[in-house]
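> Fold the following and give me the result.
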Amino acid sequence: GVRCADVFPMFSREVIEGQQHVPVLGQLFNGTLVFHAIDLDKEIECGLCLLLCFGHPDVLQMALGLDSGWRPSNLLSRENAKLRKGWRKALGLSLAPAKTSGYEICASRTPECTKFCLFETGLGAHYLHKKTDPCNPVWISRIIKTLWFFEDRQSFLEKLYREIANYRDAAIRLNVFSDWQWERQQVTVTPELAERYGTKSGTFNNIMEVFPDTQFYDYTKHYKRMFRPRPDNYHLTFSMSESNVSQAMNVVGAGMNVAVIVARKARAFNGYPMIDGDEHDLRFLDPEGVFVGLSPKGQLRKERRSEFIHVPEAA
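So this is what the prediction gives:
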């Protein structure tokens with residue numbers, strides 16, 4: 001659990017332009033952690049720091065619904081607005097992206113991707129919380145989930161297995177904000193769990209093999225992932241950024257799909273069909289060999305000159 005006696009409260013957290021990270025004085029998971037800011041180009045003031053919450057387990061219990069010490073009671077949710085679009089139920093795993101938790105989970109991120117990440121928008125904005133709560137519980141929950149994944153992976157994967165087993169008819173997006181290569185993440189299912197939830201037991205190459213009838217999907221900036229073998233029930237859409245245009249063209253040229261943030265929607269992009277990706281998030285339903293046009297969101301809506309926003313050809 002959270003070792004409250006060894007936690008030193010910090011009453012403010014500031015990230016000034018040019019700083020690499022903010023050290024956090026606390027001992028969670030038997031170690032000192034470093035929490036990084038998503039956007040290093042702007043000042044972030046959090047009011048009461050994350051550690052103040054860690055110093056108040058009652059607040060965490062109430063805000064996050066912890067069922068076992070520091071572990072959130074649920075990993076999968078529909079908190080992301082886009083997951084609620086579409087006719088089919090979709091659930092997502094919202095981990096803290098980049099190195100927000102102190103662990104890198106988006107190895108192929110670019111500067112613009114990092115700068116305009118949606119992690120701290122919507123319900124996840126660090127300043128968005130009740131006056132009675134020291135910090136935003138959604139923001140904290142995502143970080144705690146990520147720490148759980150890296151510090152106690154076996155129990156994390158067991159929890160993930162249990163939740164997917166209970167929602168195997170839903171579409172599962174494992175990287176709502178992160179970019180982990182789940183097709184390479186081994187999962188072990190004990191005979192006891194297999195008997196209880198009606199799956200096979202053993203060690204599997206990935207969670208998709210455990211649930212072959214469940215549809216999984218993600219976006220990714222890992223170029224090599226798109227061309228490596230992966231389970232049939234795991235659909236990937238490549239994400240185009242300011243610096244991987246040639247890779248994106250290779251992906252769409254191979255008959256796979258590429259998500260691109262565009263200044264305006266159009267019927268075509270770089271010679272290939274474009275569909276409206278804002279209508280729903282169920283990317284596995286998209287036709288093959290297309291660009292998936294997405295409107296700018298979050299802070300990106302205010303910075304139309306960003307290289308992250310691409311302009312389709314005139315109709």
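
> in the stretch 201-315 of the chain, which ranges drop under the pLDDT threshold?
Applying pLDDT under 70 to the stretch 201-315 of the chain picks out residues 304-305, 308, 314-315.

> and with 90 instead?
For the stretch 201-315 of the chain, residues meeting the criterion pLDDT under 90 lie at 263, 296-315.

> can you map out the helices along it?
Taking DSSP state H, counting those that start in this stretch as the criterion, the stretch 201-315 of the chain carries its helices at 207-210, 245-253.

> Tell me which of those helices sits most buried.
Comparing the helices of the stretch 201-315 of the chain by mean neighbour count (mean count of other Cβ atoms under 10 Å), helix 207-210 comes out on top with a mean of 22. Bear in mind the C-beta positions are built from the backbone N, C-alpha and C, glycine included.

> Does anything pack onto that helix? Which helices or strands?
Contact here means 3 or more Cβ pairs under 8 Å, 6 or more residues apart in numbering; DSSP states H and E; on that basis helix 207-210 packs against helix 153-166, strand 187-189.

> rewinding a little: which one of the helices of the stretch 201-315 of the chain lies closest to Ser239?
For the helices of the stretch 201-315 of the chain, proximity to Ser239 was assessed by Cβ to Cβ; helix 245-253 is nearest, at 8.4 Å.

> where along the stretch 201-315 of the chain do the strands fall?
When secondary structure is read from DSSP state E, counting those that start in this stretch, the stretch 201-315 of the chain shows strands at 202-204, 216-220, 234-239, 258-261, 268-269, 272-276, 291-294.

> Let me have those strands in a markdown table, adding distance to Glu104 and mean neighbour count as columns.
As requested, the strands of the stretch 201-315 of the chain are exported to a markdown table (distance: least, Cβ to Cβ, whole Å; neighbours: other Cβ atoms under 10 Å):
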| stretch | distance to Glu104 | mean neighbour count |
| --- | --- | --- |
| strand 202-204 | 25 | 14 |
| strand 216-220 | 15 | 22 |
| strand 234-239 | 17 | 23 |
| strand 258-261 | 22 | 23 |
| strand 268-269 | 30 | 19 |
| strand 272-276 | 32 | 15 |
| strand 291-294 | 24 | 23 |
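
> wait, which of these is closest to Asp169?
Each of the strands of the stretch 201-315 of the chain was scored for nearness to Asp169 using Cβ to Cβ, and the closest is strand 216-220 (12.8 Å).

> neighbouring contacts of that closest one?
Applying Cβ atoms under 8 Å, 6 or more residues apart in numbering, the external contacts of strand 216-220 come out as 108, 171-175, 179, 181-182, 207-208, 226, 231, 233-239, 259, 282-284.

> Check the gap between Phe227 and Tyr272 for me.
Spatial separation of Phe227 from Tyr272 under the definition Cβ to Cβ, to the nearest Å is 18 Å.

> try Phe204
Applying Cβ to Cβ, the value for Phe204 to Tyr272 is 35 Å.

> Same check on Gln186?
According to Cβ to Cβ, Gln186 stands 36 Å off from Tyr272.

> mind checking the SS state of Val138?
Using DSSP: H, G, I helix; E, B strand; the rest coil, the secondary structure recorded for Val138 is helix.

> Likewise for the one 4 residues further on?
Per three-state DSSP, the secondary structure class of Arg142 is helix.

> Of the helices of the stretch 201-315 of the chain, which is nearest Glu151?
helix 207-210 (19.0 Å).

> So which residues make contact with the closest one?
Contacts of helix 207-210 from elsewhere in the structure, counted by Cβ under 8 Å, 6+ apart, are 157, 160-161, 164, 174, 182-183, 185, 187, 189, 199-200, 204, 214, 216, 230-231, 233-234.

> Output that helix as CSV, nothing but the C-alphas.
In CSV, the C-alpha atoms belonging to helix 207-210 read as follows (Å, rounded to 0.1, in the frame of the first residue of the first chain):
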residue,chain,number,x,y,z
ILE,A,207,-3.8,-10.9,-23.9
MET,A,208,-5.4,-11.0,-27.3
GLU,A,209,-4.5,-14.7,-27.5
VAL,A,210,-6.4,-15.3,-24.2
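
> neighbours of Pro72, just the number please.
Other residues near Pro72 number 20, with proximity taken as other Cβ atoms under 10 Å.

> so how far is Glu158 from it?
14 Å.

> one step back: can you redo the helices of the stretch 201-315 of the chain as JSON lines with distance to Arg153?
JSON lines is the format used below for the helices of the stretch 201-315 of the chain (distance: least, Cβ to Cβ, whole Å):
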{"stretch": "helix 207-210", "distance to Arg153": "12"}
{"stretch": "helix 245-253", "distance to Arg153": "30"}
